[in-house]
Each structure stands twice: as structure tokens, then as C-alpha cells.
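Trainee: With the sequence up front, the predicted model follows.
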There are 2 protein chains.
Amino acid sequence: MVNSRAASAHAADPGTVRPGGRTARVRASVLRAAGDALVEHGFHSLDLADVARRAEVGKTTVYRRWGTTTGVIADLLADMTERSVPRTDSGSLGEDLGAHARLVVATLTDPRQGPLLKAVIAAATCDERTAQALHRFYATRIGEWAPCVEGAVARGELPAGTDAREVIRAVSAPLYWRALTGGDPLDEAAADRAAAAAESAARAGAYTV
Amino acid sequence: MVNSRAASAHAADPGTVRPGGRTARVRASVLRAAGDALVEHGFHSLDLADVARRAEVGKTTVYRRWGTTTGVIADLLADMTERSVPRTDSGSLGEDLGAHARLVVATLTDPRQGPLLKAVIAAATCDERTAQALHRFYATRIGEWAPCVEGAVARGELPAGTDAREVIRAVSAPLYWRALTGGDPLDEAAADRAAAAAESAARAGAYTV
């Protein structure tokens, strides 16, 4: 079943619906403000005082709790990681990988999620804690989709010993690479090609361990 | 023929051997200094005054000529793009794609080239001119390797109409994705898997246009 909320939930906006007390509300406001700033100006220009102003939270609170811009981004990634993403489960490997690929394209071309993901990837190159948070974020997302490959192995569609996570990563990687290095269209055709390539390689046993 | 210089030339150090007058020497020093600073501290902390100091070039010259940190990085990418990279041409698609994959892994795990490439990818997310320079850099590198796929099409190893550049990109993408999202080893096994997967998918016709 393809879920229409999936595209936005792949890297869900922080601070949308977040029950809790004052601390949770402050965190939600700050992470939402940091996301807004990253989407508008990129990681390069992120400034904690600006985040505090946008969040309508005291600057001292922001500096005390998050310390640095990469500290806020690591927490933003932790928040994004916690949000569960409904995945497709059509019972057909080709359809499931295609749905994953189209979700990645929808996310990367979304006017908010696309710039946000690029910004957190950039931030992860500059700070070890952010890099670990980024790794956990993608490990979680990849793990959510792995069962569609495990199902295909169980049905005998793919060779035994296929590394499910590696197949899912193989779908995402060329799409992210296209988004980061630019110049080529990131559209449904690119999604279908990424899914078809990963499926062919998986059937040929390229991802067995 | 595998060329042993290839690993370092994939993203050659700027300012190593650069004939020319004073302007060329200043450029070489500044680009080398910017590369050093990016490798040491990442894109986040790049500072033009520090680059000028390291390059032993007047701060005013650096600000006047490059203007911003992303301006220096865009020029660094232009310099990297100009450096020709000898590629493998073994006459076997599998061997050529394997050589490309191992070159990408060697570059990404090189203590200088790895951090430098991550830094320029990060910078490209923040500035349009840098993004265009990054696109040209990879378009050039990919173009240099495309003939080994075109050769395989000509020999009948791959279906007619195979998009050669897309096959080369399919080899690099999962390796870059691993480098950027971290946590999984970037080794010869990863290189061989990336090459084998791209080759299987190409043989199955996943990259025909």
C-alpha cells in the first residue's frame, strides 16, 4: 500500500505535532526554526542567534542547550530519526523498490525537505557528532525498507544471503548523488532507473554476503 | 593499464606543479592553502584571512580576487577539473569498472583527498556557483571513464544504447554515499561490489536510453 504521507514523512518536519511540556515545546520551536533557516540559507549561514529569534526562545537557552550550530543539526537529525515512516509493502520487489525510489525523489525535490537534507549532509562533513546522527538517521530509514527485500528473498525472488539494506541503499545512492552533484534531472525516470538497476543487480547476486 | 598515479590524480592537489607568472603562483598558493585548511577543519571553519596567512599572500589580494570562501572553493574545483586523470583501459568491462571503483575508494579514503572532496560537496550545497563547479568537476571525471563502457557496447558486451556516463556514475554513487553517510567500511570489497552491481545492471539493460 502506497501511503501518500510518505513523501513528507521520509524526513518529517520537526516540531509539527509534538506533545509534551515546556522543554519539549522549546525544542520543537528551535528545531523548526533551525530547519527554516537551513532551507532558506543553507548550512553555511546558520546562526544560533537567528535560530533563537525565529523560535522566539531566549538566546541563552539556545546556546546553553545546543551550544553550536552543528549541535542543533545533530538534534534535528535525532528528531527526524524518531519519526516513523510508513513504507510500501506490495508483495512485489519491483514495485516496492520503485516506491522507495519515488519517495526518495519526492523528498529530494521537495522545496523544504530537499534543501534540509542537503544541509544536514553538509553539516555532517564538519562535525563528528552530526556525522553519527546522520548515520543513525539513514540506518533507520534504510532499516524500515529492508523488509521488502527480505520478503523477496523469502519468496525466492532474490538469492539467499542477499544483504537487504545494501539493496535499499543501492536504490537511494544514485538519486542522492544526482541531487548533490546536480545538473541531471531528478524525476520519475531517474527513480525508475535506480530501482530497476538495483533490482537487476540484486537478482544477479551482486548484493549477497 | 592501471596507472599508479591515478589515485592521487582523481582529485589532484592544486598548486603542485603549475608553471606561469606571479598571478598563477599566487593562485596556486591560495588554492593549496585553501585545500590545507579544508582538510584540517572542514568547510564550516574556512576563513579567507587564514587562507591568506597560510598562502603568504596579502589578505586584500585574496578578498579582491576570490571575495568569499565559496568563491575560493569554486576556483579550487575549476583547478581540480583541469587536471587530466589517466584511466584504465584493460579491454574488459569488469576490470575497467573495478579499477574505477578502487580509484574512487582510494581517493575517498586518502587522508587529504577524502576530506577535501567532502568539503567541496558540502560547499556546493550552500552556493550556486560552487554547485556548478562541482557538477563540471564530476562531469569531467565521469566523461574520462565513459569510453570503457562505450568500448564494451562496441564489443557487444553491453546492450546498444547503454548510457555510458550513467554506468560510471552508478559505480561511484554508492561509494560516495557510503563516505557521506558513514558507518560502513569503504574498502576493496565495497569497491568490487559497486563495480559488480553496476556491471550486472548494465548487462541487464538498466542503463539503456
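Mentor: The structure has been received and is ready for your questions. Numbering: from 1, shown residues only, chains lettered A, B, ... in the order given.

Trainee: So what does A:Arg203 look like in phi/psi?
Mentor: Its backbone dihedrals place A:Arg203 at phi -60, psi -30, with angles given as degrees, to the nearest 10.

Trainee: so who does it touch?
Mentor: By CB atoms under 8 Å, 6 or more residues apart in numbering or on different chains, the residues touching A:Arg203 are A:157-159, B:200, B:204. All C-beta spots, glycine's among them, are computed from the backbone N, C-alpha and C.

Trainee: out of these, which are buried?
Mentor: When the contacts of A:Arg203 are checked for burial by 16 or more other CB atoms under 10 Å in any protein chain shown, the buried set is A:157-158, B:200, B:204.

Trainee: for the contacts of A:Arg203, which one is nearest A:Arg64?
Mentor: A:Leu158 (50.6 Å; CB to CB).

Trainee: Wasn't the closest one part of a strand?
Mentor: No: note on A:Leu158: no strand contains this position according to DSSP: H, G, I helix; E, B strand; the rest coil, which reports coil.

Trainee: quick one, what contacts it?
Mentor: Contacts were defined as CB under 8 Å, 6+ apart; by that measure A:Leu158 touches A:93, A:149, A:152, A:167, A:202-203.

Trainee: Cross these against strands and list the overlap.
Mentor: Judged by DSSP state E, the subset of these located in strands is empty.

Trainee: Nearest to B:Arg83 among these?
Mentor: Distances from the contacts of A:Leu158 to B:Arg83 were compared by CB to CB; the smallest belongs to A:Val167, at 35.5 Å.

Trainee: hang on, isn't the closest one packed against A:Ala206?
Mentor: No: taking contacts as CB atoms under 8 Å, A:Val167 lies outside contact range of A:Ala206: 9.1 Å.

Trainee: and the two? which has more neighbours close in?
Mentor: A direct count of neighbours by other CB atoms under 10 Å in any protein chain shown for A:Val167 and A:Ala206 places A:Val167 higher, at 28 against 25.

Trainee: Contact partners for the more buried one?
Mentor: By CB under 8 Å, 6+ apart, A:Val167 lies in contact with A:97, A:149, A:158, A:198, A:202, A:207.

Trainee: The residues you listed in helices, which ones?
Mentor: Mapping these onto helices (DSSP state H) picks out A:97, A:149, A:198, A:202.

Trainee: Skip the chain neighbours and tell me the closest residue to the third one.
Mentor: Distances taken as CB to CB, 6 or more residues apart in numbering or on different chains put A:Ala170 closest to A:Ala198, at 4.1 Å, once the chain neighbours are dropped.

Trainee: In which helix or strand does the one you found reside?
Mentor: helix A:164-181 (DSSP states H and E).

Trainee: Could you quantify the relative orientation of that helix and helix B:164-181 as an angle?
Mentor: Relative orientation of helix A:164-181 with respect to helix B:164-181: 100 degrees, computed using axes from the mean of the first three to the mean of the last three CA atoms, to 10 degrees.

Trainee: Only alpha carbons, please: show whichever strand or helix holds A:Val26 as CSV.
Mentor: Using DSSP H and E, A:Val26 sits in helix A:22-41. The C-alpha atoms that make up helix A:22-41 are tabulated as CSV, following Å, rounded to 0.1, in the frame of the first residue of the first chain:
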residue,chain,number,x,y,z
ARG,A,22,7.7,23.4,28.1
THR,A,23,11.1,21.8,27.4
ALA,A,24,9.6,19.7,24.5
ARG,A,25,7.9,22.9,23.1
VAL,A,26,11.1,24.8,23.2
ARG,A,27,12.9,22.0,21.5
ALA,A,28,10.2,21.8,18.8
SER,A,29,10.3,25.6,18.2
VAL,A,30,14.1,25.6,18.0
LEU,A,31,14.3,22.6,15.6
ARG,A,32,11.6,24.0,13.4
ALA,A,33,13.4,27.4,13.3
ALA,A,34,16.7,25.7,12.6
GLY,A,35,15.1,23.8,9.7
ASP,A,36,13.6,27.0,8.3
ALA,A,37,16.9,28.8,8.5
LEU,A,38,18.7,25.8,6.8
VAL,A,39,16.1,25.7,4.0
GLU,A,40,16.4,29.5,3.4
HIS,A,41,20.2,30.0,3.6
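
Trainee: what comes into contact with it?
Mentor: Counting by CB under 8 Å, 6+ apart, A:13-16, A:18, A:20, A:45-47, A:50-52, A:54-57, A:61-62, A:65-66, A:72-73, A:75-76, A:79, A:111-112, A:115-116, A:119-120 sit against helix A:22-41.

Trainee: out of those residues, who's near chain B?
Mentor: When contact is defined as CB under 8 Å from any CB of the partner chain, those meet chain B at A:45, A:115, A:119.
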